[in-house]
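**Student:** Structure for this input, please:
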Amino acid sequence: MEAVSQPLGNNVVIFVSENHRYGTDAILLADFAQTGKSGVICDLGTGCGIIPLIWCRNGFAGKIYGVDIMPEAVGLCRLSADKNSFGEIFSPICADLRRLKGILNSGIFDLVTMNPPYKRAGSGARSANDALNAARNEELCTIDDIAAAGKYLLKFGGRMCLCSRTERLTDTICAMRGAGIEPKRLRMVIQRAGRCPSLFLIEGRKGGRPGLNVMPDLIIEENGGWSEEMKSIYGSFVDK
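**Tutor:** Numbering: from 1, shown residues only. Reported below is the predicted structural model:
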């Protein structure tokens, strides 16, 4: 594994590799989840740890567990946590999200997040890279597994926030509701005005009552560049 450091601003750096990097969807999810400054959080499929590191960078002072099944990804998270002196806040864990019993306590988490695999197993082209396959396709976990992990981890009233492709919206809503996590907030992500949405951000609450708030679309590009909202999000999280 060749780890390369990249600046996140505020004198914070993140270590990434060819197999474990991050994209705009992770930045949007970190912003959408609205953590505040305290609480107990679990980021499933944390990869290089971009979402927990953004929160730490912005002054989160609670406890974040970053779970990933790939040892290389967890190694990168540990490098970043140590380099930035976030070890008391950010704890990377190498584990299968389908088998968290005995690893993380049930019913104590305020927030669970994940940028899940976008495609069903067998529905997309396979890569020779196992890490990319795990990130893109439901080979190691399904949306139902992810919702079940959220149900296990969250306390009553706790939130689960996910980012996925619009083609998986129905699957995601059904999985969350089936796990007792009621979808409460939904936001579509559009590349530019007039285009169909490509991604969605969704929040559910464990034990929540039915009632979904559909938020205004998040538009990424305007007038040949980033929209004002995207500039604000990136300006708050990552130095360009």
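**Student:** Flag the shaky bits of the protein, pLDDT-wise.
**Tutor:** Residues of the chain meeting the criterion pLDDT under 70: 1, 119-138, 236-240.
**Student:** Where do the strands of it begin and end?
**Tutor:** 4-9, 12-16, 40-44, 63-68, 90-94, 109-114, 154-165, 181-192, 199-206, 213-214, 218-222, 225-226 (DSSP state E).
**Student:** which residues are contacting the fifth one?
**Tutor:** It refers to strand 90-94. Contact partners of strand 90-94, identified using CB atoms under 8 Å, 6 or more residues apart in numbering, comprise 46, 49, 52-53, 56, 63-71, 74, 77-78, 80-81, 103-104. Heads up, the C-betas are built off the backbone N, CA and C, glycines and all.
**Student:** pretty sure residue 149 is in contact with residue 99, am I right?
**Tutor:** No - between residue 149 and residue 99 there is no contact under CB atoms under 8 Å: 9.4 Å.
**Student:** So the two - more neighbours on which side?
**Tutor:** Using other CB atoms under 10 Å, the more surrounded residue of residue 149 and residue 99 is residue 149, with 25 against 11.
**Student:** Residue 6 versus the closest residue to that one other than its chain neighbours, what's the distance?
**Tutor:** The shortest distance from residue 149 to any non-neighbouring residue, by CB to CB, 6 or more residues apart in numbering, is to residue 97 (4.5 Å). Applying CB to CB, to the nearest Å, the value for residue 97 to residue 6 is 26 Å.
**Student:** which of the two has more neighbours?
**Tutor:** Shown here are residue 97 and residue 6; by other CB under 10 Å, residue 97 has more neighbours (25 against 15).
**Student:** how about the residue sitting nearest the centre point of the chain, what does it touch?
**Tutor:** Centroid-nearest residue in the chain, with CA atoms, centre = their mean: residue 114, separated by 3.4 Å. Contact analysis of residue 114 by CB under 8 Å, 6+ apart lists 43, 44, 45, 146, 162.
**Student:** quick one on the thing from earlier: and the contacts of strand 90-94, which are buried?
**Tutor:** Buried members of those, scored by 16 or more other CB atoms under 10 Å, are 46, 49, 52-53, 56, 63-70, 74, 77-78, 80-81, 104.
**Student:** Could you export the helix ranked longest in the chain as CSV, CA atoms only?
**Tutor:** The residue-count maximum for a helix in the chain (DSSP state H) belongs to helix 71-83. C-alpha atoms of helix 71-83 as CSV (Å, rounded to 0.1, in the frame of the first residue of the first chain):
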residue,chain,number,x,y,z
PRO,A,71,-7.5,-3.9,6.2
GLU,A,72,-5.8,-1.4,3.8
ALA,A,73,-8.5,1.1,4.3
VAL,A,74,-8.4,0.8,8.1
GLY,A,75,-4.6,1.2,7.9
LEU,A,76,-5.0,4.5,6.1
CYS,A,77,-7.6,5.7,8.7
ARG,A,78,-5.2,4.9,11.5
LEU,A,79,-2.4,6.8,9.7
SER,A,80,-4.7,9.9,9.4
ALA,A,81,-6.0,9.6,13.0
ASP,A,82,-2.4,9.4,14.4
LYS,A,83,-1.0,12.2,12.1
